[in-house]
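In: please find the sequence and the predicted model below.
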Amino acid sequence: MNSSEQGKNAVAAQEDDELHHRYLCIFCGCRCKLSETSKEFNRGALYVNAVIYMVMASVLIGIAGKAYQKTYWRELFDFLDEAILAILVVAVLMVVLAFGLVASTWQRKALGIVCCLLGMAALLSVEIGFGSFVVEQMTDSTFDSYVDTEYLQSWEELVASAETETGAWGFLVRHQARGGCCGWTDYDEEAQNMAYLNCTVSETTDVCAEYFHEELSHKFEGLAIVAVTFTVIQLTMMVLSCALIVRVKKFYRPIKVDRGDWIDDFY
């Protein structure tokens, strides 16, 4: 390679590096001088973005793991399995996007960075949709629509298994005692109560459907706090990312570089 070709390649590399840092600079949402300090700061900002996603993914995996251990809650409410699976999928996608962002930043691939940020925006919309589904499941109207059908069937199956399974028996005894309730929708119905469980019934005795609805809503309050916190963090990052994407055209001023005949070697 002669000195002319080396010079052209050096110019091309400098051009690509400059374009990359312009992308990173716009990530901050402002026009900043592309000094070595600002370049490192912009890279650091993207690395922090990826680390935040890693942390959030770890929290989601922990929540999903803890929820999966609630065996009898999952048997009673089928949608919990779907929710756990959705949380795990979101967590995995977060990890993939975070690694993609780190790799693109490390290799100075501006297009890869933009794709990862757009992927994060798309993932956020999916999370909001999933959150809406969970909230819908917790509403009185939706819960009541399943009380006499799917939830009742799950309860009766749980009662039947409690006759021979100590885990199910302990679950029912514990929660019926806490809620001061008997049965699911009818405290006198034999199929809704274990044969050898002395369930004290009075005129003020509640059915367990009401108790479990309140307990389920209470458990999801903590998840809602986590979800809102994550949403705020992700929206903040998306605002910064929008500054990147919207202003790319303004900052993108490619310079044509004559690389000579060496490109013909690829054809």
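Out: Sure, I can see it.

In: now the stretch of helix or strand residue 167 belongs to: buried residues?
Out: According to DSSP states H and E, residue 167 maps onto helix 166-179. Within helix 166-179, the residues that count as buried by 16 or more other Cβ atoms under 10 Å are 168, 169, 171, 172, 175, 176, 179. Where C-beta positions appear, they are placed from N, C-alpha and C, glycine not excepted.

In: a markdown table for those, including pLDDT and distance to residue 43?
Out: Below are the buried residues of helix 166-179 laid out as a markdown table (pLDDT from 0 to 100; distance: Cβ to Cβ, whole Å):
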| residue | pLDDT | distance to residue 43 |
| --- | --- | --- |
| 168 | 86 | 54 |
| 169 | 86 | 58 |
| 171 | 87 | 51 |
| 172 | 86 | 56 |
| 175 | 85 | 52 |
| 176 | 83 | 58 |
| 179 | 82 | 55 |
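
In: could you dump those residues to JSON lines with distance to residue 127?
Out: As requested, the buried residues of helix 166-179 are arranged in JSON lines below (distance: Cβ to Cβ, whole Å):
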{"residue": "168", "distance to residue 127": "33"}
{"residue": "169", "distance to residue 127": "38"}
{"residue": "171", "distance to residue 127": "31"}
{"residue": "172", "distance to residue 127": "34"}
{"residue": "175", "distance to residue 127": "30"}
{"residue": "176", "distance to residue 127": "35"}
{"residue": "179", "distance to residue 127": "32"}
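
In: circling back to that earlier point, and the following helix or strand past the helix holding residue 167, what other elements does it pack with?
Out: Once the chain leaves helix 166-179, the next helix or strand it forms, by DSSP H and E, is helix 208-251. The contact analysis (3 or more Cβ pairs under 8 Å, 6 or more residues apart in numbering; DSSP states H and E) places helix 208-251 against helix 3-27, helix 36-68, helix 110-138, helix 140-147, helix 150-162, helix 166-179.

In: if we use 6 Å, what do you get?
Out: Judged by 3 or more Cβ pairs under 6 Å, 6 or more residues apart in numbering; DSSP states H and E, the packing partners of helix 208-251 are helix 3-27, helix 110-138.

In: now the shortest one: mean pLDDT?
Out: Across helix 3-27, the average pLDDT comes to 52.
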